[in-house]
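Chemist: got a sequence here, can you build the structure:
(3 chains)
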Amino acid sequence: MSTRIQASSRDLEGPLLELTDVSTHFRTPRGLVRAVDGVSFTLERGKALGIVGESGSGKTILSRSIMGLLPPRGTVRGGSIKFEGREIGNLDRKAMRGVWGKEMAMIFQDPMTSLNPVMKIGKQIAEPLQIHLGMNKQLAWATAERLLQDVRIPEAKRRLDQYPHEMSGGMRQRVMIAIALACGPTALFADEPTTALDVTVQAQILDLLGEQRRDRNMSLILVTHDLGVVAGHTDEIAVMYGGKLVEKASTKGLFANMKMPYTEALLQSIPKLDDPSHTRLNAIAGRPPDLVNPPKGCRFAPRCPYASDKCINEEPPLVPTAEDPNHLYACWYPVGSPEYHEAKRRIAERTDDLATTTAAL
Amino acid sequence: MRYFLQRLLQFSIVFFIVTFAVMILMRLGLNAPGDPARTLLGGTADQALIDETTAKYRLDSNLFVQYFFWLKGMLTGDMGYSVPNSISVAAYIQTRAMTTILLGLYATFFAVLISVPLAVHQAYKRDSMFDKVGSGLSFVFVSVPAIVLAPILTIVLINETEISFGDYVLTIGGWFPRVGDKIYPWEDLWAHIENFFVPTLVLTLPLAAIYTRLLRGDMVQTLQADFVTLASAKGVSPRRVLWVHALRNSLFSFVTSIGTQLGAIVGGAIVVEQFFDLDGMGSMLVGAILSKDLFTVQSTAAILVACVVVVNLIVDLMYAVIDPRIRHMRALA
Amino acid sequence: MSTAVAPPPAATPEAPPAIEPAPFKPKRKRPSTGLIFACTFLFLLVFMAVFADYLGFIRYPDEKVLVDGKAGRYKLGPGWDAWFGTDGLSHDVFASCIYGARVTLQIGLFATAFGIVVGGFLGVLAGYFRKTTDRVVSIITDCLLAMPALLLAMILVSRLDDVRNDVTWLDWFSRKWQLVFTLGLLAVAPLARIVRAQTMSLREREFVLAARSLGAKPGRVILREILPNLIPAILTVAFTGLSIIIAAEGALAFLGLGVEIGTPTWGKLINDNRNQIDVAWWATFFPCLMLFLTVVSFNVIGDRLSRRFDIRQAGV
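Modeler: Numbers count the residues shown, from 1 in each chain, chains lettered A, B, ... in the order given. You can find the predicted model right below:
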């Protein structure tokens, strides 16, 4: 039984989160960095969405944009972000403060630097309770203790008086989750929550997140570069590249029927446990695009093995697949199309040629 | 606890070495027997008195013996005798100590009072006009030594100064005419303020500048840390984030400097007291050094060194109070 | 202060994203106004101080300024005879300032050099050999730092006179050199600290380890590998230290422990004229100003250097 402190909701019908053509640009000495460039999607209540992409794809900035946690100066925001039907994209930090912690919460990547090193754990958890829910100190600390139990930290009472440096990485991450869950937010953003943790602990944390989500009927947005992380723990996946959304589908649908070659490449780059040793890692060649001067066609084209002239010159729109209207992708020659197979054959030929020539030498 | 004792030992060694060195220094060049006494009593004193003084303070034994007896005296409250002034050093200090202590306390207190809010706000509004101007001012005041500030403030604030541009005469100052009277707060508060304001100002401004610079630097760094963003993301108000979360993590250099600046404060106090004719320990020391008043210098210097050492020790211990990680480390050590 | 716009701060860890492809030419920052002013001022000052004897517009400091006969405290402004006015002895304040600069700068330079040599030596020893050497040096620096600096300086200077009188071969040890020695001594501790810290970190760098693994003796390693890399740090502290030393010299002169009578220095001028402030404020003001500007200028340079070389020195 977990502690249920549900914040009062507004628009119980309809999607929780609605993004329409959201963009976030930064003014830098080099130029305007288009970190997020026109992203749209919706998220239903209680669902888990995974946002996947390399570093530089804009995924972290997207999640921060939704929350509004952007630096005050030099940022240009565009598009509309609706949370429970309310427009929050144009609210400043002061206005958002009422939302943060109470309705939307975020957990960060590195638990060591994300917790205040000189403040007791209990106090850090109790703080949002006291601020948002007006609890007095005693009640807040008691609630904090129960929250620690919810996130499965043993000896919760003792832990309340401890400091972050007295805990292990996994435990600190759990504390962060406890802090985030304290006021019962309707949406939880997890920004690379497991990257700084050991593999064994990763699974525990992800399971914990999933469990809490279901218990509280909370939406979860999981931002990561690791497809493996989202595979078992999300309902939907959105793939980002170069600041744009390039594919979005239900998790099952994505893995079964991925359309974007980038997604395919991502999947192939995951090293598998049962591969023979010394198997070459399939890294994606090249580097993420320059977001000040992005390529004018498909942003992935420079690195796509199947790219053609059209890809380089024209940007593909985000369209639904034939089989499933909820599966969106942006590619001229998606996986499975005749052009794709053609390109693949040509590549295979080339590699074959190369192999025969090297063999002949 | 072990750590504390270790530091205490360290500081004790330093104390002994320094006070011994002071003694040696003061006796430099006085090598012939009877010389120290002669110096103390003045060239015209008769031999009998010289011999008596020499015996009394064992001025003819070797240095270690002298030191030992002096130290013994210090511990029992006998700080020696200031012959030129015909008064025991202890009594002499008593008449002068209050002024200097007040100056030092005021300076530190007001410097902290000014610098902390200033630095916090600067870090918060980083690179704003406020920040830039503040940093510029801090820089200027950091480089202004007491000998410069004192006269300037005197011209501007204390004396009525007339600056004439051709026929036009500009008069400034004259607001604190009475400086240098030794009036204590419990005697006449307003007069006390009048007397102490400018001297305190001279000491406070550079100090505040130093504190501000250090604190701002650390705050700016802290504010970039993840946990600050997290605190904001929890919905904590910026004021609370600044003062409760960020500040406590940024105090390191600031607290350190309180200890290291103590020596500078003493130096500044010496100059200020001389300049404004205040009867404090600073001017006492100047007089004593120039008139080769051995015991006064030795004992007073020892007291000052002890104070500096003690303050530094306290500062060191404060780290453990501020930062639980250090507490932890020291407990394990 | 930095003149470039800072990129989005670390609140958004992904910005700026990987940006290799586009060539990035950092804008050349022009030196700030403060730095220009500081260098100009110092240059002019040094120039005038060095060539004072040959520059026509600078009188000799003990020359009496005549305006309708002897004018003791004269006003500047109309009558451009004395730029900074004159003091109680009808001397030209401006000239006194320039000649005073000579002495002050000399003392400052030599004292800093002394501090660098001794402090640097100790610092390198402590940083390189560590353990006991480090302990010993640490105690020495602690002792130097335990005493309020001005107090130590006062005691030293006042006593060194007697030492000099006693010891015949120390006849050359005039007040000027006493000051150099004293102030240099004060500079030893901070320099030793910084040098020690730098040496300790340099010691672990690859090129030092490489030299050592080739069997180079410590002396050689220090000389060829470590010393050259200490120069940025030393330079930085030197300038800031110089400003402090000059301020200290001013204070000592003010207290009567400056250079012998005859040669004016700023501190002395301030002291001599401070009772006359209500009548002739310029006699005190301008020496103050000169002292201030000199100290600030050196400080500015030291500060810029420290930013350039990225040296943190809280509480030097």
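
Chemist: what strand or helix carries the residue nearest to the spatial centre of chain C?
Modeler: For chain C, residue C:242 is the residue whose C-alpha lies nearest the centre (Cα atoms, centre = their mean; 0.8 Å). Using DSSP states H and E, the secondary-structure element containing residue C:242 is helix C:227-254.

Chemist: next one: residue B:264
Modeler: In the assignment (DSSP H and E), residue B:264 maps to helix B:252-276.

Chemist: that helix - contacts with which helices or strands?
Modeler: Taking 3 or more Cβ pairs under 8 Å, 6 or more residues apart in numbering or on different chains; DSSP states H and E as the contact definition, the neighbouring helices and strands of helix B:252-276 are helix B:89-124, helix B:146-153, helix B:189-223, helix B:281-290, helix B:294-322, helix C:149-166, helix C:227-254. Bear in mind the C-beta positions are built from the backbone N, C-alpha and C, glycine included.

Chemist: for the record, mean pLDDT for the shortest one?
Modeler: In this case it means helix B:146-153. Here helix B:146-153 scores 84 as its mean pLDDT.

Chemist: and it with helix C:149-166, angle?
Modeler: Between the axes of helix B:146-153 and helix C:149-166, defined by axes from the mean of the first three to the mean of the last three Cα atoms, to 10 degrees, the angle is 120 degrees.

Chemist: can you show me the CA trace of helix B:146-153 as CSV?
Modeler: Extracted C-alpha coordinates of helix B:146-153, given in CSV (Å, rounded to 0.1, in the frame of the first residue of the first chain):
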residue,chain,number,x,y,z
ALA,B,146,43.7,52.0,5.3
ILE,B,147,46.3,54.7,4.8
VAL,B,148,44.5,55.8,1.7
LEU,B,149,41.0,55.5,2.9
ALA,B,150,41.5,57.2,6.1
PRO,B,151,42.7,60.5,4.7
ILE,B,152,40.2,60.5,2.0
LEU,B,153,37.3,60.0,4.3
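
Chemist: what angle do it and helix B:189-223 make?
Modeler: Interaxial angle, helix B:146-153 versus helix B:189-223 (the same axes, to 10 degrees): 120 degrees.

Chemist: and helix B:146-153, what does it pack onto?
Modeler: helix B:189-223, helix B:252-276, helix C:227-254, helix C:266-273, helix C:281-309.

Chemist: do the same with the fourth one
Modeler: Secondary-structure packing of helix B:281-290 (3+ Cβ pairs under 8 Å, 6+ apart): helix B:89-124, helix B:252-276, helix B:294-322, helix C:149-166.

Chemist: if we use 10 Å, what do you get?
Modeler: strand B:81-82, helix B:89-124, helix B:252-276, helix B:294-322, helix C:149-166 (3 or more Cβ pairs under 10 Å, 6 or more residues apart in numbering or on different chains; DSSP states H and E).

Chemist: residue A:147 is nearest to which of the helices and strands packed on helix B:252-276?
Modeler: When the helices and strands packed on helix B:252-276 are ranked by proximity to residue A:147, the top entry is helix B:189-223, at 26.5 Å, counting by Cβ to Cβ.

Chemist: now the closest one: how far from the chain's centre is it?
Modeler: In terms of Cα atoms, centre = their mean, to the nearest Å, the centre of helix B:189-223 is set 13 Å apart from its chain centre.

Chemist: could you do stretch A:47-67 as well?
Modeler: Distance, stretch centre to chain centre, for stretch A:47-67: 4 Å (Cα atoms, centre = their mean).

Chemist: for residue C:189, see how far away residue B:302 is.
Modeler: Counting by Cβ to Cβ, to the nearest Å, the gap from residue B:302 to residue C:189 is 20 Å.

Chemist: then residue B:223?
Modeler: 33 Å.

Chemist: ok, back up a step: hang on, the residue nearest to the centre of chain C packs against residue C:115?
Modeler: Yes - the criterion here is Cβ atoms under 10 Å, and residue C:242 meets it with residue C:115 at 9.4 Å.

Chemist: between the two, which contacts overlap?
Modeler: With contacts taken as Cβ atoms under 10 Å, 6 or more residues apart in numbering or on different chains, residue C:242 and residue C:115 have residue C:187 as neighbours in common.

Chemist: can you read off the pLDDT for the one residue in the stretch 201-316 of chain C that gets nearest to chain B?
Modeler: When distances are taken as Cβ to the nearest Cβ, the stretch 201-316 of chain C reaches nearest to chain B at residue C:247, 3.7 Å away. We have a pLDDT of 89 for residue C:247.

Chemist: you'd agree residue A:31 is up against residue A:290?
Modeler: Yes - under the contact definition of Cβ under 10 Å, residue A:31 touches residue A:290, with a separation of 9.4 Å.

Chemist: mind checking which of these two has more residues around it?
Modeler: Remark: of residue A:31 and residue A:290, residue A:290 carries more neighbours, 21 against 14, as counted by other Cβ atoms under 10 Å in any protein chain shown.

Chemist: and stretch A:29-47, anywhere near chain C?
Modeler: Yes - in terms of Cβ under 10 Å from any Cβ of the partner chain, part of stretch A:29-47 sits within range of chain C, namely A:29, A:30, A:31, A:33, A:34, A:35.

Chemist: what is the burial count for the residue in the stretch 1-150 of chain A positioned nearest to chain C?
Modeler: The stretch 1-150 of chain A approaches chain C most closely through residue A:56 (3.5 Å), counting by Cβ to the nearest Cβ. Residue neighbour count, defined by other Cβ under 10 Å, stands at 25 for residue A:56.

Chemist: likewise for residue A:116?
Modeler: Taking other Cβ under 10 Å as the criterion, the count of residues near residue A:116 is 25.

Chemist: mind checking the SS state of it?
Modeler: Applying DSSP: H, G, I helix; E, B strand; the rest coil to residue A:116 yields a three-state assignment of coil.

Chemist: list phi and psi for it.
Modeler: phi -70, psi 120 (degrees, to the nearest 10).

Chemist: would you confirm that it contacts residue B:240?
Modeler: No - when contacts are counted by Cβ under 10 Å, residue A:116 is not listed as touching residue B:240 (11.8 Å).

Chemist: okay, and the common contacts of these two?
Modeler: By Cβ under 10 Å, 6+ apart, the residues touching both residue A:116 and residue B:240 are A:127, B:231, B:246.

Chemist: which one of those is nearest to residue A:120?
Modeler: The shortest gap between residue A:120 and any of the shared contacts of residue A:116 and residue B:240 belongs to residue A:127, at 10.5 Å (Cβ to Cβ).

Chemist: pLDDT wise, what is that closest one at?
Modeler: 89.

Chemist: ok, it to residue A:133 distance?
Modeler: 11 Å.

Chemist: where do the contact lists of those two overlap?
Modeler: A:101, A:140, A:182.

Chemist: contacting residues for the closest residue to the first one other than its chain neighbours?
Modeler: On the basis of Cβ to Cβ, 6 or more residues apart in numbering or on different chains, the spatially nearest residue to residue A:101 that is not a chain neighbour turns out to be residue B:235, at 3.5 Å. Residues touching residue B:235, when contacts are defined by Cβ under 10 Å, 6+ apart, comprise A:96-105, A:127-128, A:131-132, A:183.

Chemist: so of those residues, which ones are in strands?
Modeler: Within the contacts of residue B:235, residues falling in strands by DSSP state E are A:104, A:105.

Chemist: buried ones from the contacts of residue B:235, can you make that a ChimeraX selection?
Modeler: This is the ChimeraX syntax for the buried subset of the contacts of residue B:235, where burial follows 16 or more other Cβ atoms under 10 Å in any protein chain shown:
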select /A:96,97,99,100,101,102,103,104,105,127,128,131,132,183
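
Chemist: which one of the contacts of residue B:235 is nearest residue A:150?
Modeler: Nearest to residue A:150 among these, with distances taken as Cβ to Cβ, is residue A:183, at 13.4 Å.

Chemist: about what we covered before: can you state the direction angle for the helix holding residue C:242 and helix C:149-166?
Modeler: Angle of helix C:227-254 versus helix C:149-166, following the same axes, to 10 degrees, is 80 degrees.
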